[in-house]
Each structure stands twice: as structure tokens, then as C-alpha cells.
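Q: I would like the atomic coordinates for the input below:
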Amino acid sequence: MTTAHVAWIVPCFEEAARLDGPAFLALAEGSAPSSLIFVDDGSRDGTLAVLRGLAGQRPGQIETLALPTNQGKAEAVRQGMRHALTGPSEIVGYVDADLATPPVELQRLAWLAREGSYDVLMGSRVQLLGRSIERNNTRHYVGRVFATCASLSLGLPVYDTQCGAKLFRRTDALAAALATPFTSRWAFDVELLARLVRPQRGIAPIDISRIREEPLLTWTDIPGSKLRPWAALRGGFDLLRLAVKTRRGS
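A: You can find the predicted model right below:
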């Protein structure tokens, strides 16, 4: 049996100063067969040149897509995943450019996605004994409130929808979920899950039993996040709109 190919999407906006090139090269080398697709989201600081330099070191394994203007993380992820689905990848996922989830954990998630019968595998930042989950306290508690609201809006017992490490098996539901831009800029992870479990007519939904949250062994809150506190408020409005839409069944 052949090993499933995994494509990692990495959305980037003005990451030239902090992008860890060697770490991404280690991810590409240690999770074969795999590829990295960096999506430059209209950066103005030289990020695109850095990404093209990385792609030049691993031609055929690392790609760079350049969006002409800044369109937000949601659209960068969507464009990257749609591009990955035009190739041989059986599993596509995305990870934050700051690598708060380190390569060794991403490789472990890729192994689980390949070996398990999962259509969705989500990293989850659960603070347990024996784990190293380093989160800013304020962001942690705001995140817990957001995650609770996300779980209620989805009607699913999800613990952590916003961890930036997720993998999806190629399915008709995934292709349909990525066909149109997300209506939410701040809660697109939640909207993507909603589209998968409640797809448009004629598309088989993802069975909830095939969605798994995997507690991470290591995760570190990296300084320099572009997510501002007011984004949580905007995300809350997005969740409310999503909940209303879900109740209406549209």
C-alpha cells in the first residue's frame, strides 16, 4: 500500500523577519511524501523573495503562490488548499507561518492522518500533565470563550477550533467546502467545519466519527502575532451569523 501524500499550506503575510526557513525545510524532509505550499498574502516586506528562495532549495516539493493583494488568512488558506487538490495530494492541511506547532508535531499529525481513518484531524492545545503547551494567559482565556461559542454554533463537542494545525482527507465534501470564499474572515476554521458536516445538497457530509482532535505534545505562543484583541469580537459576530445560518439549514 502506498503512503498518502500530504500537502501543507502555509499562509504568509509579512513574515520575512521571522520565517524559520531551516525548520520548514526540516518539515519537508521529515514527512515524506509531502510538499509545502506557501501562499504570500500580498506582503510588502520581502516575504515573497524569502519564500521563493525556499522553493528554489526544494524544487518540486516546495511551491509559492502569490496573491496580488492582501485578502486575509482565510482566503490564503482556501486558495492554497484548492491548489493542492489539483495535484496528487490525498491529504491537505494548513499550519501557521510562525510554527507555533513545531515540525516534529506536524510530522506526528501527518502520520496519524495517514494511518487513521480520519477525514479531519485537528491539533488541539490542551494543557495536560506531560505536555508542553505555552500560551499567553489572556489569549488562552479569550480563546476558551471563543471555542465554547464555536462548539455551540456547530453543535459539536469541539475543544479547540483555532489551533493552526489541521489536516483534511481529499473528499467531495472538502472540494465543495473550498469552492467559494468563506464569509467569515476571523472564524473561517469554524465555517470550514460547518461546510464539511453540513455540505450543499448532493454532497455527502463528513461523518462526525471521522473527525478527530489530537492533543498536541508541544505548542508555543510565538511573539509577533498579527491577531489583535478586537479580532475576537469580530470572530464572535461571525460565529453568531454562522449559528443563525446553521439553524436555518442554509
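Q: all helices for this structure, in order.
A: Using DSSP state H, the helices of the chain run over 21-30, 47-57, 73-84, 103-115, 137-154, 172-177, 188-197, 230-248.
Q: what about the fourth one, distance to the chain center?
A: Same thing as helix 103-115. In terms of C-alpha atoms, centre = their mean, to the nearest Å, the centre of helix 103-115 is found 14 Å from the chain centre.
Q: mind giving me the packing neighbours of that helix?
A: strand 6-12, helix 21-30, strand 91-95, strand 120-124, strand 165-169, strand 211-215, strand 218-220 (3 or more C-beta pairs under 8 Å, 6 or more residues apart in numbering; DSSP states H and E). Just so you know, the C-beta spots here come from the backbone N, C-alpha and C atoms, and that holds for glycine as well.
Q: in a markdown table, list the helices of the chain along with distance to Cys163 and mean neighbour count.
A: Shown next, in a markdown table, are the helices of the chain (distance: least, C-beta to C-beta, whole Å; neighbours: other C-beta atoms under 10 Å):
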| stretch | distance to Cys163 | mean neighbour count |
| --- | --- | --- |
| helix 21-30 | 17 | 16 |
| helix 47-57 | 23 | 17 |
| helix 73-84 | 14 | 22 |
| helix 103-115 | 10 | 19 |
| helix 137-154 | 9 | 16 |
| helix 172-177 | 18 | 19 |
| helix 188-197 | 8 | 23 |
| helix 230-248 | 14 | 15 |
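Q: a markdown table please, covering those and showing mean pLDDT and distance to Asp96.
A: A markdown table is the format used below for those (pLDDT from 0 to 100; distance: least, C-beta to C-beta, whole Å):
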| stretch | mean pLDDT | distance to Asp96 |
| --- | --- | --- |
| helix 21-30 | 90 | 12 |
| helix 47-57 | 96 | 14 |
| helix 73-84 | 97 | 9 |
| helix 103-115 | 94 | 10 |
| helix 137-154 | 80 | 13 |
| helix 172-177 | 96 | 20 |
| helix 188-197 | 94 | 12 |
| helix 230-248 | 62 | 14 |
